[in-house]
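1. I'd like to go over a predicted model; first the sequence, then the structure.
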Amino acid sequence: MLFLAGISACAVLLLICIFALLIECQKRKLVKEKKIFFQQNGGLLLYEQIRSKQVDTVRIFTKEELENATNNFDSSRELGRGGHGTVYKGILKDGRVVAIKRSKVMNMDQKDEFAQEMVILSQINHRNVVKLLGCCLEVEVPMLVYECIPNGTLFDLMHGKNRRLSISLDTRLKIAQESAEALAYLHSSASPPIVHGDVKSPNILLGDNHTAKVTDFGASRMLPTDEIQFMTMVQGTIGYLDPEYLQERQLTEKSDVYSFGVVLLELITMKFAIYSDSAGEKKNLASSFLLAMKENGLRFILDKNILEFETELLQEIAQLAKCCLSMRGEERPLMREVAERLRSIRSTWRVQLIQNPSRETECLLENSSHYDPSSTGQHGSLMALDLESGR
């Protein structure tokens, strides 16, 4: 009897040892896997950049930190889901609320460039670009950690379930101006210049006072010295894609200009980039708008809530959108020209509001506490932009 009990005890002990050994092997395998992913994703390069203080605004997070921050990526923490991945709301140990982007796939070419792109993106500092806080490299596809912007997207504001019945013209111009300034910064001030590659209303977040914040650089590219990026596979969103890019596979800063033109159309028509007409037929907003302009029927496509305002002002906005939507990239304005034009239009509109305080008074109440007259420029500073070049 004692002999059988001894055998049983030995068997149990052996099973425990085997189980513990399996757990230890699994742990070592996971540690080894994390190290491999970390190296593949350029972690050593990024770590050296951080140590040498070339990058001092980005932190490398562990997988466990982000799992804890998102309750193991629970579906209740989802902020949005798109073509490039899912964004989760995370709460770090220090109480900071962040947005964590968990991408779907990344090819080897992108992995080779990832760390260097992280270095460049970490140096972007513009009030209208969502700030990158860090990344996690010990997973197969790196995760990115951004500042969390609380008030949803421009798409939600215009088309979402809880959308407002009316958005003031000043708010629309403010969002357009700030988004244009962010893109102009990426094109002209970043080094090297950055093409966003997927400009659309869901990728413009809204902070307090409807402050625009451009986000989601999943399709972004650093421009080489010849300022053209040849693409083997088209990335972007139907309805916003530059037709020249679709045809020639050349991604340039003018591709962003076209996409921004579609966003500008959304703001003045309140229609989707691909919308259904009264007969239920799917229509391309850019095509419908250009046809309306050609047939002198702008008033039939504009949002009825802004039709009461100055025809000349609405024509200016429409002509700017038309320029952005030119089929040929070389005929489109630069983003900095678009931003300057929008500053001038908004400045003119605010002068009219001051002269006629009964008109759209609510927009002044929305934004007056944060309004800086210098931020909208002066009418006389309008750049020489040929509005007819978009025909």
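-> That came in fine, so what should we check first?
2. For E281, give me its contacts.
-> With contact set as Cβ atoms under 8 Å, 6 or more residues apart in numbering, E281 has no partners. (C-beta placed from N, C-alpha, C; glycine too.)
3. Next one: it, what pLDDT does it get?
-> Note for E281: predicted pLDDT of 89.
4. Name the helix or strand for R81, please.
-> In this structure, R81 sits in strand 78-82 according to DSSP states H and E.
5. And the contacts of that strand?
-> Residues from elsewhere that reach strand 78-82 (Cβ under 8 Å, 6+ apart): 86-89, 99, 148, 153, 202, 216, 218.
6. can you rerun that using 7 Å?
-> Applying Cβ atoms under 7 Å, 6 or more residues apart in numbering, the contact partners of strand 78-82 are 86-89, 99, 202.
7. What of stretch 66-73?
-> Around stretch 66-73, the neighbours that count as contacts under Cβ under 7 Å, 6+ apart are 77, 88, 90-92, 100, 102, 136, 143.
8. Likewise for stretch 148-155?
-> Outside stretch 148-155, the residues within contact range by Cβ under 7 Å, 6+ apart are 89, 97-99, 130, 160, 175, 201-202, 204-207, 213.
9. in the stretch 51-200 of the chain, which segments are predicted with low confidence?
-> Residue ranges of the stretch 51-200 of the chain with pLDDT under 70: 51-57, 82-84, 104-117, 119-120, 162-165.
10. change it to 90
-> The model of the stretch 51-200 of the chain has pLDDT under 90 over residues 51-63, 79-87, 101-125, 131-144, 146, 150-152, 160-167, 189-198.
11. Now do the helices in it.
-> Counting by DSSP state H, counting those that start in this stretch, one finds helices in the stretch 51-200 of the chain at the ranges 63-69, 108-122, 154-159, 169-188.
12. In JSON lines, list the ones you listed along with mean neighbour count and distance to G236.
-> JSON lines is the format used below for these (neighbours: other Cβ atoms under 10 Å; distance: least, Cβ to Cβ, whole Å):
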{"stretch": "helix 63-69", "mean neighbour count": "17", "distance to G236": "28"}
{"stretch": "helix 108-122", "mean neighbour count": "17", "distance to G236": "16"}
{"stretch": "helix 154-159", "mean neighbour count": "20", "distance to G236": "15"}
{"stretch": "helix 169-188", "mean neighbour count": "24", "distance to G236": "14"}
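13. Those into JSON lines, with extra columns for distance to E253?
-> Listed next are the helices of the stretch 51-200 of the chain as JSON lines, based on distance: least, Cβ to Cβ, whole Å:
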{"stretch": "helix 63-69", "distance to E253": "33"}
{"stretch": "helix 108-122", "distance to E253": "16"}
{"stretch": "helix 154-159", "distance to E253": "21"}
{"stretch": "helix 169-188", "distance to E253": "4"}
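14. wait, which of those is closest to R249?
-> Closest to R249 of the helices of the stretch 51-200 of the chain is helix 108-122 (Cβ to Cβ; 15.5 Å).
15. Ends of stretch 205-216, what's the gap?
-> This stretch, stretch 205-216, spans 10 Å end to end (Cα to Cα, to the nearest Å).
16. I'd like the average pLDDT over it.
-> On average, stretch 205-216 scores 92.
17. and if you look at stretch 247-264?
-> For stretch 247-264, mean pLDDT is 93.
18. which of the residues in it are buried?
-> 250-264 (16 or more other Cβ atoms under 10 Å).
19. who touches stretch 126-135?
-> Outside stretch 126-135, the residues that touch it by Cβ under 7 Å, 6+ apart are 58-61, 98, 118, 121-122, 142-147, 149, 178-179, 181-182, 185, 205, 212-215.
20. re earlier: closest to A11 among the buried residues of stretch 247-264?
-> Nearest to A11 out of these is L251 (Cβ to Cβ; 65.1 Å).
21. Wait, the closest one touches G197, no?
-> Yes - if you go by Cβ atoms under 7 Å, L251 and G197 touch, sitting 6.3 Å apart.
22. hang on, the earlier thing: so which of the helices of the stretch 51-200 of the chain is nearest I274?
-> Closest among the helices of the stretch 51-200 of the chain, using Cβ to Cβ: helix 154-159, at 11.7 Å.
23. Where do the domain boundaries of the protein fall?
-> Domain ranges of the chain: 49-147, 154-390, per automatic domain parsing.
24. which stretch among these comes nearest L14?
-> L14 sits nearest to domain 49-147 of all the domains of the chain, at 31.9 Å, using Cβ to Cβ.
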